[in-house]
Structure formats: C-alpha cells, structure tokens
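Student: got a predicted structure plus its sequence, pasted below:
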Amino acid sequence: MTAEVFDEAGAAAYYDNDDVATFYRNCWGGADIHIGHYETGAETVADASSAMTRLLIDRAGIGPGDRVLDIACGFGGTLRLLARMGCEVRGMDISKQGVATARESNRAAGLDDRISVEVGDFHDIASADGAWDAVVCQESVIHSPDRPKVFSEAFRVLRPGGVFAFSDILTGENADLEKVEAAFARLGAAAGATVRDYAGMAEAAGFEVTRAEERPEDIRTHYDKLAEALEEPVEGLTPDAQSAIAQSIARWQDALAGGHITWAAFVARKPA
C-alpha cells in the first residue's frame, strides 16, 4: 500500500508535533535537522550535522558578504553558522515550532539582530526576484508535493550567477519502493525520486548542476546513531512515542542497508 503523501499543511503538522520536535532536539543534536558528515563514525550526531553543513557551504563556494536564504531552516543551525561567517542571512520554515526554536536559539547565541526567521512556504517564497547570492535547502524538498515548483522558486529568487546548494534523502536506483515507502511513511513523503531525477528537476528549472555528490555511507551511519540513542529513555518522550519512533528508524535502517534509500548533496548555479 502506498503511504499517504503530506501536503504543505501535513508537513507543517509533522514538524509541529511535540514528540517529533522532542526527538529532533534530544536525539538529532538540537541545532540541525539533517544528515551528518562522518569521517570516523565516532562523531556525535550534533557535530556530524554541523560538519555536513560546513561541507555543503564549502562545496557551494558561499563566503563572507554573501546574501543567503535558507528556505527550510528548521532550528536554524545553518543560519547561525552562516551569520558567524559574515553572510547576510534570512531563514524561513513551514513549521511554527521550528521557527520559534530558531529564533530562541539565535537570541541565545547573540545573533538575533543578524538573522531574520519567518514562517514561510518554499513553494511561494516571499522574496523579490534575483535578491539572493545563494539559496540553501537541506533535506526538505522530500516533503514537497510539487518538487519542481521548489526548484523554480529557488531559481527565481537567485541573482544571475547565484547558487542553489541543496541536499536530500532520495530513492536509490533499482530500489524496492515498498521498503522506501515504509520508511518514508513517517514523513509523509513520496518515494521514487532519485539523484538523477533531482538533477533533472534542477536543470528543467534553468540551473546548471555543477555537483551531485551521493553519500550513502553518511546516512547509514546517521540512522545507526539515532537507533542507538533510542535504546535509552529519551527525556520528554513517552515510552509509546519512543517505541513508535524506534520502529520507524528500524525501517529506515533496513531500507538503507539494501541501498533502497540514499542521500546526496547538489550544487546548482543560475546562469550569469
């Protein structure tokens, strides 16, 4: 049976759920909600997640003074890293709870006067055309019921020569879609989009894809770390909620082990 696919309201409700938010804060590192970069496997989830953000920014060539829009900023870890680099940054996210957490964390870091964060939908970005040097989106297009629209909106708000740096969880080539759908059910995401499909969507929007880097070993390690964290009681989660999340993570591990799910980072440039 095909899993239900969320629309924008469903995706927002997923991230605004208290149990989901608690899981991301207490098991996923609390600042970033995306896959980590693991060189040794000994890294914490939080440190690896920050390392992956730095890797994506480096691959995209984003630097001090750049105007950068994060179109699915989550808890704002990427915004704070960019602000400390000297970038002019703005974040948006469909989750009210995510935006509130990002604002609170920005204040705690002494960066709230340098970062603006608003509730927003990446299918209809509240920005003028050509306003940004770079757009960032980490593991969020997966939630879209209209992924080509996200690419076209990112293209619209970038200046000529601007860069779209994005990463996502994807379906492996020749995957068993039932295994992918079983894992994606928790996210309400549609299965089937591959690395080649995302590159094609970016190109159809007008981008030149300069990098498509598949890193399945990182996502496998990341989900193994999450499973390990769920072996002990997690503060703020009821036993039933924790058990349900752990069962979902186990389905992800099964699909990842067989190569049915993968992860990739992309750099796409708007022609000058």
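Tutor: All right, it came through fine. No experiment lies behind these values; they were computed from the predicted model shown. Numbering: from 1, shown residues only.
Student: how about the contacts made by Gly120?
Tutor: 71, 92-94, 126 (CB atoms under 8 Å, 6 or more residues apart in numbering). Any C-beta I mention is one placed from the backbone N, CA and C, and that applies to glycine too.
Student: list just the nearest of those residues to Glu217.
Tutor: Ile71 (26.9 Å; CB to CB).
Student: the closest one: neighbour count?
Tutor: 28 (other CB atoms under 10 Å).
Student: separation between Glu213 and Leu56?
Tutor: Noted for Glu213: a distance of 9 Å to Leu56, by CB to CB, to the nearest Å.
Student: His37 too?
Tutor: 9 Å.
Student: compare the two (neighbour count), which wins?
Tutor: Leu56 (24 against 20).
Student: for my notes, confirm that one occurs in a strand.
Tutor: No - Leu56 sits outside any strand when classified using DSSP: H, G, I helix; E, B strand; the rest coil, being helix.
Student: so it touches Ala134, yeah?
Tutor: No - between Leu56 and Ala134 there is no contact under CB atoms under 8 Å: 10.5 Å.
Student: quick one: the helices in this protein, in order.
Tutor: All helices of the chain, identified by DSSP state H, fall at 8-16, 18-27, 45-60, 77-85, 96-108, 147-157, 177-184, 195-205, 216-229, 239-257.
Student: could you export those helices as CSV, including distance to Thr171 and mean pLDDT?
Tutor: Shown next, in CSV, are those (distance: least, CB to CB, whole Å; pLDDT from 0 to 100):
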stretch, distance to Thr171, mean pLDDT
helix 8-16, 18, 82
helix 18-27, 22, 90
helix 45-60, 20, 96
helix 77-85, 25, 97
helix 96-108, 25, 95
helix 147-157, 12, 98
helix 177-184, 5, 96
helix 195-205, 8, 98
helix 216-229, 12, 97
helix 239-257, 9, 96
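Student: among those, which is the most enclosed?
Tutor: Comparing these by mean neighbour count (mean count of other CB atoms under 10 Å), helix 77-85 ranks first with a mean of 23.
Student: could you tell me the angle between it and helix 96-108?
Tutor: 30 degrees (axes from the mean of the first three to the mean of the last three CA atoms, to 10 degrees).
Student: what is helix 77-85 packed up against?
Tutor: helix 45-60, strand 67-70, strand 88-93, helix 96-108, strand 115-119, strand 132-138 (3 or more CB pairs under 8 Å, 6 or more residues apart in numbering; DSSP states H and E).
Student: among these, single out whichever gets nearest to Val267.
Tutor: helix 45-60 (5.1 Å).
Student: and that closest one, how far from the chain's centre?
Tutor: 12 Å (CA atoms, centre = their mean, to the nearest Å).
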